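Q: coords below, sequence missing:
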């Protein structure tokens, strides 16, 4: 395959996203388009199980889907928080991409279907993520926390909350294109505005407002870049240098390393936000996922 494969998808995404004014968000349309993008790659593996998180306290119960690859290493499991700016994202829309992650990690991946805004504003998603971790971490496994975009936010906030409560932490964590600062103060929000086909400043602020309501975007729980980052396990971060949110990854790596955390920042040229969606189609996506698999297999 040539690089034009990923470029072609970028052009189609850009045409859809930029067909409306920045910040003019229609939640129903955004959810439909987001899930459609996630269904493009084929699914690998055939075992999918749905379970409830009893500790969530939500009605109906919050669900997670266990995606089980054909080849698994004994004892390792991943809890995954999907992206979508706290407003979009479903198990059905993420199943294809996560099946590729599971194959690379050689481990079952449990994908949480946390509650979405605006129907369920902050702290619903963060509470669901912590409840899922509290429930699943009781099992005797080598756990990995993983998430993309807003899901990486949930993964980091969950580790911080678990550390503060004296709960178990995962063996390691993986953040893909993390969205960690809902104030959107990173320089790349401006400098990469014309490079990233998927993420725009106005849209991101609109989604953050739908989730946060009256909660300040600088609050360190929904914006865990501002939290105390000490005492966390090894973390592998992937981000594209052209992403609007690229500086979230850079600033996180700098801040966490300053506390002594083992952070690897893997910065990619010429890719857009969560390019992993095109697993099995674009070589850049497959390469990134294989690197994640190598990290997870070595650290858990």
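A: Now that the structure is in, tell me what you want to look at. Note that the coordinates shown come from a computational prediction; the quantities given were computed from them, not determined experimentally.
Q: Where does pLDDT dip in the stretch 101-250 of the chain?
A: Nowhere does the stretch 101-250 of the chain drop to pLDDT under 70.
Q: Which stretches in it count as strands?
A: 109-113, 142-148, 172-176, 235-240 (DSSP state E, counting those that start in this stretch).
Q: Nearest to residue 257, out of those?
A: strand 235-240 (9.9 Å; C-beta to C-beta). Placement of C-beta: from N, CA and C, glycine included.
Q: Tell me the strands beside that closest one, with direction?
A: strand 172-176 (parallel), strand 263-268 (parallel) (DSSP bridges).
Q: looking at the strands of the stretch 101-250 of the chain, which is closest to residue 76?
A: Short answer: strand 142-148, nearest of these by C-beta to C-beta, at 4.9 Å.
Q: what is the orientation angle of that closest one with strand 109-113?
A: 50 degrees (axes from the mean of the first three to the mean of the last three C-alpha atoms, to 10 degrees).
Q: tell me what strand 142-148 is packed against?
A: Under the contact criterion of 3 or more C-beta pairs under 8 Å, 6 or more residues apart in numbering; DSSP states H and E, strand 142-148 touches strand 76-81, helix 150-164, strand 172-176, helix 283-299.
Q: how about a markdown table for the strands of the stretch 101-250 of the chain, with distance to residue 204 added?
A: Conversion of these to a markdown table gives the following (distance: least, C-beta to C-beta, whole Å):
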| stretch | distance to residue 204 |
| --- | --- |
| strand 109-113 | 22 |
| strand 142-148 | 15 |
| strand 172-176 | 17 |
| strand 235-240 | 15 |
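Q: With mean neighbour count and distance to residue 281 added, can I get the ones you listed in a markdown table?
A: Listed next are the strands of the stretch 101-250 of the chain as a markdown table, based on neighbours: other C-beta atoms under 10 Å; distance: least, C-beta to C-beta, whole Å:
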| stretch | mean neighbour count | distance to residue 281 |
| --- | --- | --- |
| strand 109-113 | 24 | 20 |
| strand 142-148 | 26 | 17 |
| strand 172-176 | 27 | 17 |
| strand 235-240 | 25 | 17 |
